[in-house]
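S.K.: just to be clear, the model below is a prediction. Sequence and coordinates:
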Amino acid sequence: MSRQLPSSSLCEKDVSRHPSTRGQNAPGRDDTPAQESYTAVGAEDTGSLTGIDRPPARPPKTYHPFSPAVIALLMPASVLGALARLGLQALAIYDGNSIFPLAYPQALGCFIMGLALPLKDTISSYYGPLYTAITTGFCGSLTTFSGWQLDIFYSWINEGQFHRNGLRDVCSVYISDRLLERLMVSNQVVDGCTKIFFTLSISLASLSFGVHIGTSLASVIPKVHPPSVALRRAISLVSVLLYFATFPAYFRLSASFRHQATAALLFSFPGTLTRYVLSVLLNARMKLLPIGTLVANELGTSLLALFHVLQGLSHPVSPGACSILQGLADGYCGCLTTVSTFAAELSALVVWKRWLYGTVSIVMGQVLMVVILGSTIWTGNASAGARCMFTGA
């Protein structure tokens with residue numbers, strides 16, 4: 001995490017200035033000069049991060065972070081991001097796969113995020129909410145911090161019951177149907193650490209590559225005339241309708257699709273909206289770290305651990321409830337947490353804050369997994385895998 005991205009990379013997604021700090025400026029405008037959003041990476045506080053997720057304050061029109069146009073466009077972006085993540089993971093699950101499935105959406109989401117950062121002005125000159133939809137909505141929903149933390153935790157406990165020894169995982173856990181039979185803890189670190197360092201490496205590298213490509217494109221992409229008022233309203237209306245189409249998709253399509261995708265799509269936008277609100281309201285309140293993104297990532301990790309506990313109870317929940325829990329895990333938690341913003345913020349912080357933010361985020365995520373999910377597994381109250389049956393399975 002030693003490389004610093006160019007200043008144009010500081011315009012990502014959920015990090016926004018709280019309304020109370022805008023002074024006398026018009027709604028949606030920063031209370032500081034326009035160049036603050038582009039201060040050099042490694043500035044001494046997180047002020048340079050406050051423009052990452054909010055709509056750009058640029059002509060011809062500015063948008064308040066909570067304006068209907070911004071919120072509406074987040075809806076389909078969240079659905080598409082969650083759907084892309086689930087699709088990429090499904091494609092990457094096969095015998096003999098070389099890379100764990102979640103690596104693909106993490107890399108793609110960070111690349112698109114990096115691509116959008118230097119194009120912020122170009123995008124905003126056309127339609128400001130589109131920038132927030134790409135970064136906060138699509139990239140934030142395509143990548144997931146909570147799923148990453150769950151993968152790491154399952155590596156620590158060897159959830160797949162693979163035959164390992166030596167330096168191959170942190171601990172090997174053997175669980176009967178009701179009680180923990182044996183827990184062997186040793187100096188075995190390879191699998192869990194691989195998922196930590198590989199995800200960090202591929203995410204930061206993809207972000208940097210995206211910034212490089214975006215910077216090259218910024219000077220050649222022509223500016224497009226902004227949409228008319230009628231077209232902007234039509235975009236907002238269609239965006240809302242696209243999200244609400246997930247409800248009939250859940251109830252009318254085959255029940256076997258619910259745990260695979262349709263339940264997750266229902267909860268995708270609420271997860272994104274929660275993250276966006278936390279970032280807008282909290283990120284500018286602490287100069288040490290982007291606290292809004294941190295809270296969103298740890299909250300989503302806690303909820304994901306809880307949902308897996310409920311799916312693994314010794315007395316299984318109903319098939320319908322099991323599918324809803326899977327939808328909450330993949331949709332709400334997956335979209336509430338993000339690696340793309342996390343990677344952009346790491347790149348924007350000074351070195352010591354970068355290491356502090358990364359370490360606190362990952363350690364807190366694993367502690368929450370141990371306390372919520374690990375404690376129930378090791379006491380025999382739940383299994384590592386889901387015991388409940390899905391609707392239509």
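M.R.: Good, I have the coordinates.
S.K.: assign a three-state SS to the spatially most central residue of the chain, would you?
M.R.: Nearest to the mean C-alpha position of the chain, counting by CA atoms, centre = their mean, stands residue 338 at 1.8 Å. Assigned with DSSP: H, G, I helix; E, B strand; the rest coil, residue 338 falls in the coil class.
S.K.: what's the spacing between the closest residue to it other than its chain neighbours and residue 277?
M.R.: Spatial nearest neighbour of residue 338, excluding adjacent residues (CB to CB, 6 or more residues apart in numbering): residue 140 at 4.2 Å. For every residue, glycine as well, the C-beta is placed using N, CA and C. Remark: distance between residue 140 and residue 277 (CB to CB, to the nearest Å) = 13 Å.
S.K.: these two: who's more crowded?
M.R.: residue 140 (38 against 17; other CB atoms under 10 Å).
S.K.: which other residues reach the helix or strand hosting that one?
M.R.: Under the criterion of DSSP states H and E, residue 140 resides in helix 140-142. By CB atoms under 8 Å, 6 or more residues apart in numbering, the list of residues contacting helix 140-142 from outside reads 13-14, 77-82, 84-85, 105, 108-109, 112, 268, 271-272, 275, 334-335, 338, 340-341.
S.K.: and the strands in the stretch 101-250 of the chain?
M.R.: With DSSP state E, counting those that start in this stretch as the criterion, the stretch 101-250 of the chain has strands at 171-175, 180-185.
S.K.: give me the mean pLDDT for the longest one.
M.R.: When the per-residue pLDDT values of strand 180-185 are averaged, the result is 40.
S.K.: ok, stretch 244-260 next?
M.R.: Mean predicted lDDT for stretch 244-260 stands at 94.
S.K.: and that stretch, which residues are buried?
M.R.: 246, 249-250, 255, 257-260 (16 or more other CB atoms under 10 Å).
S.K.: tell me which residues in the lengthiest helix in the chain are buried?
M.R.: Criterion DSSP state H: the longest helix present in the chain is helix 190-218. Within helix 190-218, the residues scored as buried using 16+ other CB under 10 Å are 191-192, 195-196, 199-200, 202-208, 210-211, 214-215.
S.K.: what does stretch 303-313 give?
M.R.: 303-312.
S.K.: mind saving the C-alpha coords of it as CSV?
M.R.: Taking Å, rounded to 0.1, in the frame of the first residue of the first chain, the C-alpha atoms of stretch 303-313 are listed here in CSV:
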residue,chain,number,x,y,z
LEU,A,303,-24.8,-8.6,9.9
LEU,A,304,-23.4,-11.1,7.4
ALA,A,305,-22.0,-13.1,10.3
LEU,A,306,-25.4,-13.0,12.0
PHE,A,307,-27.2,-14.2,8.9
HIS,A,308,-24.8,-17.1,8.5
VAL,A,309,-25.5,-18.0,12.2
LEU,A,310,-29.2,-18.0,11.5
GLN,A,311,-28.7,-20.2,8.4
GLY,A,312,-26.6,-22.7,10.4
LEU,A,313,-28.7,-23.2,13.5
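S.K.: contacts for that stretch?
M.R.: Defining contact as CB under 8 Å, 6+ apart, one finds that stretch 303-313 is touched by 146-147, 149-150, 317, 322, 325-326, 328-329, 332-333, 336-337, 368-369, 372-373, 376-377, 381-388.
S.K.: again, 6 Å this time
M.R.: Stretch 303-313 has contacts (CB atoms under 6 Å, 6 or more residues apart in numbering) with 146, 150, 325, 328-329, 333, 369, 372-373, 376, 382-383, 386-388.
S.K.: how close does residue 213 sit to residue 117?
M.R.: Distance from residue 213 to residue 117, by CB to CB: 11 Å.
S.K.: where does this protein have low pLDDT?
M.R.: The model of the chain has pLDDT under 70 over residues 1-51, 56-60, 161-189, 392-393.
S.K.: which stretches in the stretch 201-350 of the chain count as helices?
M.R.: Applying DSSP state H, counting those that start in this stretch to the stretch 201-350 of the chain gives helices spanning 229-244, 246-252, 263-282, 291-311, 319-327, 334-336, 340-348.
S.K.: quick one, the first one and helix 263-282 angle?
M.R.: In terms of direction (axes from the mean of the first three to the mean of the last three CA atoms, to 10 degrees), helix 229-244 departs from helix 263-282 by 120 degrees.
S.K.: can you give me the buried ones in helix 229-244?
M.R.: Buried residues in helix 229-244, counting neighbours by 16+ other CB under 10 Å, are found at 232, 235-236, 239-240, 243.
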